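In: with the input below, show me the fold.
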Amino acid sequence: MRILIVDDEPLVRIGIKSAIDWEAEGMEIVGEAGDGEEAVRLMLERKPDVVMLDIKMPKKDGLDVLAEMKEKGITAKAIILSSFDDFMHVKEAMKLGAVDYFHKPGMNEQEIKKALKHVKENLNPIQQTGAAELNHRVKAATLEDMLSGAVDGALETKLKENNIFIVLFTVKKYTAVVKRYTGQNTAILPNTIANILFELLSKEKESEFVQLEDNLYTICVSHSESKSVQAAFSHVNDLVYTISSSLKRFLNIETVFGVSRVFHSFGGFKQAAGEAKQALEQRFYHPNDPLFYYEPRKIEEEQAMERINDLIVLMKNRLKAEKYDEFAVHLAQWEQYVQDTEFMSERDVKKIYEGLLFMMQDGEEYLEGGGDAEHIEEFNELSAYYHAVFNEKLTARIAGKNKDYSPLTRNIIQFIDKHYNENISLKMLGEQFHASPNYISRLFKQETERGLFDYINEVRIHNAKELLKDYKYKIYEVAEMVGYNSQAHFAIVFHKYAGVSPKEYRKEKG
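Out: Have a look, this model is predicted:
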């Protein structure tokens, strides 16, 4: 399989190329690009099967590239690379045809290999494994195409137009269920589920099924001879009950279903699949319910995504500024909004939690483990898990920051972190903490191994960097906001600590 890497950060491209033994995996890096224009040119020239595509790039961003790929008929599968707060852009990319996405802060070898393996399997030609198996594979491929909107092969299925429903289902507590088969053939569970579905649906005149993922099955049902939508709806309900009870009886597994609205032509297949998926995703917020029907959103998606993205940025900024109380407030707001709207899928919610955790610990530790969260299927349980982890990490962080400091030094650090934008002097600190200015200066340097005003400048420049990313503030306004009365003095101090001028930093990060 041929892979093209597209990212404007050279270190990201190097990291991806170095992370995996590509030849051993049967894959080849056929090129790399640093901007969108170069990416499109290389796609046309080198015909990759997969493009690992950054969202934010110069000349053409990832969304522009995806749109041009469609326009030019480029069939490569796109996997998006993003920062974890680019949530709205990721959603747009998925709409434009991207098949998966990674958040760069938490991207690791296992995740990359798993996603590429899935794409590779879908690219492989169907092997000759007997007429029945071949027919099954052809049928499955046809159904997958129909669910993606390509319905040319619909007449090769048992389905007919009129009163068509799409049903998705998953196995509850799938990880625990799979453990029952430890030491046995890993295909036993999916093969048994497929055999049961085949037997049950063989009695249906107009039905098909396909397994889309390890724990995701799709059932397509039509009721063309009925003029009553209600009768067709009742028929689907009966079928869902039969499948659910049969899987419970034969395999002792619990299932949860999502059902689309009725539609009457094959042209609605893709929309119906999206509706069934949206219905099924409600299980994350309502884990005790076995069946969900699609209902239109009560709020516009763009509006919801904008609010979610704003809250993610606020959480990220508060963590960077080490304002943990404010971070906790925004975390609670985000969680409440996500619960109220139910817009985010289980996978996307986990990505945000993982991104926040990444900011609380060093990257090496984060990449080594996935924790227990991967197997949690309920929002409330996931929230409780991450709250416990966040509390542990932040407590350790605060303790580490003030390790072995005297009470006076800890109080001075906390005061500076809160009042860095004010005119702080040794005399003022002496009056504030009832200690000699000379003693404060000597003690602070002895315990922190840096001068008091060196620390004040570090805090001010750290906060200035965040403010400079927002173009609504002029540079002299940023200087005043972090405690410098002179823009010239601010520029000198900024260059000393950041290595570039405020203007150059804004240009790099803007």
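In: residues near His375, how many?
Out: As a burial measure, His375 scores 11 neighbours (other C-beta atoms under 10 Å). For glycine as for every other residue, the C-beta is placed from the backbone atoms N, C-alpha and C.
In: any idea how far Glu254 is from the closest residue to it other than its chain neighbours?
Out: Of all residues not flanking His375 in the chain, Thr175 sits nearest, at 4.2 Å (C-beta to C-beta, 6 or more residues apart in numbering). With the distance defined as C-beta to C-beta, to the nearest Å, Thr175 ends up 13 Å from Glu254.
In: equivalent analysis for Ile376, please.
Out: According to C-beta to C-beta, Ile376 and Glu254 sit 16 Å apart.
In: same deal with Val313?
Out: Distance, Val313 to Glu254, using C-beta to C-beta: 38 Å.
In: still on that earlier bit, more neighbours: Ile376 and Glu254, which one.
Out: Ile376 (19 against 14).
In: for that one, which residues are in contact?
Out: Residues in contact with Ile376 (C-beta atoms under 8 Å, 6 or more residues apart in numbering) are Leu382, Tyr385.
In: quickly list the domain ranges of the protein.
Out: Per automatic domain parsing, the structural domains of the chain span 2-123, 131-293, 301-401, 407-509.
In: please enumerate the helices of the stretch 201-350 of the chain.
Out: With DSSP state H, counting those that start in this stretch applied, the stretch 201-350 of the chain shows helices at 229-251, 269-280, 301-320, 324-341, 346-360, listed in chain order.
In: in a markdown table, list the ones you listed along with mean pLDDT and mean neighbour count.
Out: Listed next are the helices of the stretch 201-350 of the chain as a markdown table, based on pLDDT from 0 to 100; neighbours: other C-beta atoms under 10 Å:
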| stretch | mean pLDDT | mean neighbour count |
| --- | --- | --- |
| helix 229-251 | 94 | 16 |
| helix 269-280 | 95 | 20 |
| helix 301-320 | 89 | 17 |
| helix 324-341 | 91 | 17 |
| helix 346-360 | 89 | 19 |
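In: of all these, which lies closest to Glu392?
Out: helix 346-360 (9.2 Å; C-beta to C-beta).
In: out of the helices of the stretch 201-350 of the chain, which gets nearest to Ile164?
Out: Of all those, it is helix 269-280 that lies closest to Ile164, at 6.9 Å by C-beta to C-beta.
In: for the stretch 101-250 of the chain, which segments count as strands?
Out: Secondary structure of the stretch 101-250 of the chain, counting by DSSP state E, counting those that start in this stretch: strands at 164-171, 207-213, 216-222.
In: so what's the nearest residue to Ser82 once chain neighbours are set aside up against?
Out: Nearest in space to Ser82, with sequence neighbours left out and distances taken as C-beta to C-beta, 6+ apart, is Ile55 at 4.6 Å. Counting by C-beta under 8 Å, 6+ apart, Ile55 makes contact with Asp61, Gly62, Leu63, Ile80, Leu81, Ser82, Asp86, His89, Val90, Ala93.
In: need phi/psi at the second one.
Out: Here is the backbone geometry of Gly62 (degrees, to the nearest 10): phi -60, psi -40.
In: give the contact list for it.
Out: Contacts of Gly62 (C-beta under 8 Å, 6+ apart): Val6, Gly36, Leu53, Asp54, Ile55, Lys56, Ile80, Leu81, Ser82, His89, Ala93.
In: can you turn the buried part of those residues into a PyMOL selection?
Out: Buried residues within these, by 16 or more other C-beta atoms under 10 Å, are selected in PyMOL with:
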select buried, resi 6+36+53+54+55+80+81+82+89+93
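In: need the worst-confidence member of the contacts of Gly62.
Out: Among the contacts of Gly62, His89 carries the lowest pLDDT, at 77.
In: okay, the strands of the stretch 101-250 of the chain, which one's buried deepest?
Out: Among these, the stretch with the highest mean neighbour count (mean count of other C-beta atoms under 10 Å) is strand 164-171, at a mean of 24.
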